[in-house]
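Novice: Generate coordinates for the sequence data below:
(4 chains)
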There are 4 protein chains.
Amino acid sequence: MIPLAQPVPLEAEAVAPLRPFATVTALHDAMLAVVARAPDKTVTEFLNRHPDLAGPSARKDPLTAHSAREQAGAGLDRLTAEETARLAAYNARYRANFGFPFIICALRHTKDAIFAEFERRVANEAAEERRAALAEVIRITALRLVTKVSGPGMPKVHGELTTHLLDVAQGRPAAGVQIELYAVSADGSADLVATAISGENGRTPAPLIAGRPIPNGTYELRFSLGAYVSGQTGSAFLQMVPVQFTTTEPEGHYHIPLLFTPWSYSIYRGS
Amino acid sequence: MIPLAQPVPLEAEAVAPLRPFATVTALHDAMLAVVARAPDKTVTEFLNRHPDLAGPSARKDPLTAHSAREQAGAGLDRLTAEETARLAAYNARYRANFGFPFIICALRHTKDAIFAEFERRVANEAAEERRAALAEVIRITALRLVTKVSGPGMPKVHGELTTHLLDVAQGRPAAGVQIELYAVSADGSADLVATAISGENGRTPAPLIAGRPIPNGTYELRFSLGAYVSGQTGSAFLQMVPVQFTTTEPEGHYHIPLLFTPWSYSIYRGS
Amino acid sequence: MIPLAQPVPLEAEAVAPLRPFATVTALHDAMLAVVARAPDKTVTEFLNRHPDLAGPSARKDPLTAHSAREQAGAGLDRLTAEETARLAAYNARYRANFGFPFIICALRHTKDAIFAEFERRVANEAAEERRAALAEVIRITALRLVTKVSGPGMPKVHGELTTHLLDVAQGRPAAGVQIELYAVSADGSADLVATAISGENGRTPAPLIAGRPIPNGTYELRFSLGAYVSGQTGSAFLQMVPVQFTTTEPEGHYHIPLLFTPWSYSIYRGS
Amino acid sequence: MIPLAQPVPLEAEAVAPLRPFATVTALHDAMLAVVARAPDKTVTEFLNRHPDLAGPSARKDPLTAHSAREQAGAGLDRLTAEETARLAAYNARYRANFGFPFIICALRHTKDAIFAEFERRVANEAAEERRAALAEVIRITALRLVTKVSGPGMPKVHGELTTHLLDVAQGRPAAGVQIELYAVSADGSADLVATAISGENGRTPAPLIAGRPIPNGTYELRFSLGAYVSGQTGSAFLQMVPVQFTTTEPEGHYHIPLLFTPWSYSIYRGS
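Specialist: Presented below is the predicted three-dimensional model:
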């Protein structure tokens, strides 16, 4: 959401004289140091250059491509009328409290998590919320930075979500099982995030999420065991195994194996 | 679905001279023996006294109270227009093939399972399907019989569905966990069957299903672990554990324990 | 270890005038109250009427039948020379510290646990150890009481150790599996406590331990799965499943099920 | 056991004119093809150049360094008098039946497994056993070959045994746990094979077995959880987790993770 096309002197330009940097993280730290040293007024101006979080219908000025992509990823381009109204009310209350727009790293949250954070943060003390807003800016710039530069010491900005299917009745990986990952909302809706079929090693050809943060939120993995299990044994007991879990570490590795037989299964957060 | 109010001589009346019976099962067997010895034509007449399986809108004559209760239990009183039409088409095709209406023990099947059975059985050979229809009559009469007589040797006509919650991180039963049991359909709809809260022993005060057959079908148990787990550890990883399974033994005991920690769980068909 | 044949007025005789008691626990409480009210000197005399804990070779006076049975149960009748010497040294040190012999409810401890308790308690403060000794007397008298009287309100003095075998590859209990329970010592020796074969319901005909306390100690359950598993699948991976655990609740219920497939298993403390 | 220092023309020398070979496996195949084409009498002479399997006390001629190392690995240099006598009896019976010594790839079997194979194979038909003996020669030469040549297409002659510790009560790998691997015999003896401490990722720094076949046999992994678990929770229920398993794939990968809490654990053959 930081309009890098029109950077304030707080950021990229301000650190230019310090080049070169030994690592990408050092570059990022230098950018953040500029912000940290800036007077309050400058920071407020800086935060005010960010767009409001809003549905397209409520937006007057177009977003930068970056911001549009980020907000769309969190589903903010597909808000219901009720959600649009709720967001507008939060925005008004937030600006009245703090004097700048609500900033959140949308790539690190599902829509439900953004609403929950909005509700939580709007009640913060002013100083606390100022720190919270800057912490989000750090996350946003780090994510943008890794798309623009590469080199040693890249900051850790991506998470990974993987699975592994083991048929423990046969003592071997389970191949050919359809796997779907959904982001699920409190209202019961489910958005498909990824789909894959397990290979000979019981793993998916690629992680279900990789190369980006895992948005904080609730997910459901669905393992369609029916065909595999009834082909092995004729048992129809387990057709589809849904596994719901809530993530809170966008840069973490969530490895969630499924060990199963035709009559039982276990899941766990592995490593 | 057997209109006991107007019994054909095949059943209750025919066995009256044989009284008394040592066990209820012996009574039931005697009734079935009468049917087994009857000439084909009599059996066809007998089968023809059963009502069609149909939604209320498609029905001309009122059902007996028994039949109404049985068909309602399977959700046949809440059919969509599409389902009503599908059922009518099956009925027409079935009668044309076999010369009697489709008979199924509705208490032993969910709506989805009834449709699946209809589709499967309509393709049977005539002799095979005649046996299938009489097998259903046996199930229906046994279930009606146990509501009318009691005594030694009751036939086994009821199933049981139970669960048990164990917090294996603490090595003890998990009390106070909300549990819901739904019957789920292929179209994604879910009908609440039972709800309960686990007690100090990790079990529900009563079985989730008892005193009736477990209708063949697909179910989802939902264990709301969130409050329990976050109260113990602060972990938000597991909020709700959904467990889907398909049953095929209406008179069986399905014991489905959940062993869990804040980061893992196992389920299995126990005993 | 309390020589009831020569009761001091602290116990049974002293409570005779109070009869009858509503419950057995009330009787036991009354007996203990007499001890609690007695002057220190009387209590010391009372504690001194207990025999030393010792191997037979080190004993001058014969034990009462009760004490002999209790000490034998803990393996104190089969001490090595090294253990006999160690016990004698502990006894001397303990008497010097406290002025009475070391009293422990032998039925609630394995030999290893008795040695560990001796070592721990000999370092206690005098007042603390006096309370510890009386607590053991309470345990000893409660256990003797339930062999002499019965009626409502029996004190809880017995534990229970049970298991349950589930073949989760087949979704049913595992019958015909040989099970052995050993008490294991730190020196690697193992004493057979119980043996059983699982029945059709996957349970043993009787609990592995019942009708007595479970002595604090370390145990090993050995499930001989080999014949069962290779008969089902030809797999030889699991032949014998040893499960070691340490108990600390002599009056508790330890239910330790084994869920297995030919290639995996789980155990847990159940309920 | 093939005395490469004095090769018969069946092997290395016979294939020299065919050089170069595209892969090591192709070289090995060429060597085996020479044996396969050789007349029966030559093969018998070839098999007869192998030493008897025997304890050192029963041996007249010294073994080559290769054979000595192989037989020692299986524990054949530490036989009891009873075992030495048993081996001698088997050898006499085997030679009488087949006219050549018993050949087995000792690196692929524990001592117990060698005795079991000896007993099984001595009852074979002559033609069947001739094939069995040559199959062992193939295994032996493949293992020797990989120590002498390297290049593309190495034959798969090594297995791997690994583990992984997951604390599923905390949802993370368990570091600092002592792990021991023993080869266990039917007579109850246990030989330490490997020992390791789990790292931050819950794995051992190196596989417990690698760079050699996993000898067919029975093993016990011992996980000393006591310190880890009681440090986390104070529970003493699980001190040491023994896991016994029997292997039959010397070139396979046995991955045997342990998922545990202070009150439960699971193991399985993973991948």
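Novice: Contacts only, for the residue in the stretch 101-250 of chain A positioned nearest to chain D.
Specialist: Minimum separation of the stretch 101-250 of chain A from chain D (CB to the nearest CB) falls at A:G171, amounting to 4.2 Å. Using the backbone N, CA and C atoms, a C-beta is placed for each residue, glycine as well. By CB atoms under 8 Å, 6 or more residues apart in numbering or on different chains, the contact set of A:G171 is C:S235, C:F237, C:T261, C:P262, C:W263, C:S264, D:Y268, D:R269.
Novice: Scan these and report the most crowded one.
Specialist: C:T261 (31 neighbours; other CB atoms under 10 Å in any protein chain shown).
Novice: A:A92: what secondary structure?
Specialist: Secondary structure state of A:A92, per DSSP: H, G, I helix; E, B strand; the rest coil, is helix.
Novice: what about it, neighbour count?
Specialist: Counted with other CB under 10 Å, A:A92 comes out at 11.
Novice: Tell me the predicted confidence for it.
Specialist: Listed pLDDT for A:A92 reads 92.
Novice: Equivalent analysis for A:P56, please.
Specialist: At A:P56, the model reports a pLDDT of 65.
Novice: What's the mean pLDDT across stretch A:238-245?
Specialist: 97.
Novice: so how far is the longest helix along chain A off the chain centroid?
Specialist: Using DSSP state H to assign secondary structure, the helix with the most residues in chain A is helix A:126-148. Relative to its chain's centre, helix A:126-148 lies at 14 Å (CA atoms, centre = their mean, to the nearest Å).
Novice: So which other helices or strands are in contact with the following helix or strand past it?
Specialist: Next along the chain after helix A:126-148, taking DSSP states H and E as the criterion, comes strand A:159-167. Applying 3 or more CB pairs under 8 Å, 6 or more residues apart in numbering or on different chains; DSSP states H and E, we find strand A:159-167 packed against strand A:172-173, strand A:178-184, strand A:209-212, strand A:217-224, strand A:253-261.
Novice: who does the second one pair up with?
Specialist: Yep, that's strand A:178-184 we're talking about. Applying DSSP bridges to the sheet, strand A:178-184 is found paired with strand A:190-197 (antiparallel), strand A:217-224 (antiparallel).
Novice: now the first one
Specialist: Strand A:172-173 has its sheet partners listed here by DSSP bridges as strand A:159-167 (antiparallel).
Novice: A:G202 belongs to a strand?
Specialist: No - read with three-state DSSP, A:G202 is coil and lies in no strand.
Novice: tally of neighbours for the nearest residue to it once chain neighbours are set aside?
Specialist: Leaving aside its sequence neighbours, A:G202 sits nearest to A:P173 (CB to CB, 6 or more residues apart in numbering or on different chains; 2.8 Å). Other residues near A:P173 come to 18 when the count uses other CB under 10 Å.
Novice: quick one: A:P173 and chain B, what's the gap?
Specialist: Between A:P173 and chain B the computed distance is 19 Å (CB to the nearest CB, to the nearest Å).
Novice: I'd guessed that residue sits against A:E200; true?
Specialist: Yes - using CB atoms under 8 Å, A:P173 is in contact with A:E200, at 6.6 Å.
Novice: ok, A:G217 - contacts?
Specialist: Contacts for A:G217 (CB under 8 Å, 6+ apart) come out as A:H109, A:T110, A:K111, A:D112, A:A113, A:A183, A:T246, A:T247.
Novice: surely A:A183 meets A:T218?
Specialist: Yes - if you go by CB under 8 Å, A:A183 and A:T218 touch, sitting 7.3 Å apart.
Novice: Phi and psi next, for the residue nearest to A:H255 when sequence neighbours are not counted.
Specialist: Of all residues not flanking A:H255 in the chain, A:G270 sits nearest, at 4.2 Å (CB to CB, 6+ apart). When read as degrees, to the nearest 10, the backbone of A:G270 gives phi -100, psi -160.
Novice: check contacts around A:G270.
Specialist: A:G270 is in contact with A:H164, A:H255, A:I256, A:P257, D:L166, counting by CB under 8 Å, 6+ apart.
Novice: Can you add distance to C:Y90, pLDDT and neighbour count and give these back as JSON lines?
Specialist: As requested, the contacts of A:G270 are exported to JSON lines (distance: CB to CB, whole Å; pLDDT from 0 to 100; neighbours: other CB atoms under 10 Å in any protein chain shown):
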{"residue": "A:H164", "distance to C:Y90": "53", "pLDDT": "98", "neighbour count": "19"}
{"residue": "A:H255", "distance to C:Y90": "51", "pLDDT": "98", "neighbour count": "16"}
{"residue": "A:I256", "distance to C:Y90": "53", "pLDDT": "98", "neighbour count": "21"}
{"residue": "A:P257", "distance to C:Y90": "50", "pLDDT": "98", "neighbour count": "22"}
{"residue": "D:L166", "distance to C:Y90": "42", "pLDDT": "98", "neighbour count": "27"}
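Novice: tell me, what's touching A:A183 and A:T218 both at once?
Specialist: Residues touching both A:A183 and A:T218 (CB under 8 Å, 6+ apart): A:T110.
Novice: What are the buried residues along stretch A:90-105?
Specialist: A:Y90, A:N91, A:Y94, A:N97, A:F98, A:F100, A:P101, A:F102, A:I103, A:I104, A:C105 (16 or more other CB atoms under 10 Å in any protein chain shown).
Novice: now stretch A:162-181
Specialist: A:162-174, A:177-181.
Novice: so where's chain A shaky on pLDDT?
Specialist: Applying pLDDT under 70 to chain A flags the ranges A:1-14, A:16, A:55-60.
Novice: Can you pull the residues of it lying near chain C?
Specialist: When proximity is defined as CB under 8 Å from any CB of the partner chain, chain A approaches chain C at A:V168, A:A169, A:Q170, A:G171, A:S235, A:F237, A:L259, A:T261, A:P262, A:W263, A:S264, A:S266.
Novice: Can you pick out the most distant pair from these?
Specialist: Greatest spatial distance among the residues of chain A next to chain C (CB to CB): A:G171 and A:F237, at 19.8 Å.
Novice: Quick check, the residue in the stretch 101-250 of chain A closest to chain C?
Specialist: Going by CB to the nearest CB, chain C is nearest to A:G171 of the stretch 101-250 of chain A, at 3.0 Å.
Novice: Report whether stretch A:244-254 contacts chain D.
Specialist: No - against chain D, stretch A:244-254 shows no contacts by CB under 8 Å from any CB, the least distance being 9.8 Å.
Novice: do that stretch and chain B meet at all?
Specialist: Yes - Stretch A:244-254 comes into contact with chain B (CB under 8 Å from any CB), by way of A:Q244, A:F245, A:T246, A:T247, A:T248.
Novice: So the residue lying closest to A:R222 once chain neighbours are set aside versus A:P242, what's the distance?
Specialist: Leaving out its chain neighbours, the residue that sits closest to A:R222 by CB to CB, 6+ apart is A:E180, at 4.5 Å. Relative to A:P242, A:E180 is positioned 10 Å away (CB to CB, to the nearest Å).
Novice: Show me the common contact partners of these two, please.
Specialist: Contacts common to A:E180 and A:P242, judged by CB under 8 Å, 6+ apart, are A:L221, A:R222.
Novice: Write out the residues of the stretch 51-200 of chain A neighbouring chain D.
Specialist: Near chain D, when you scan the stretch 51-200 of chain A using CB under 8 Å from any CB, you find A:H164, A:L166, A:V168, A:G171, A:R172, A:P173.
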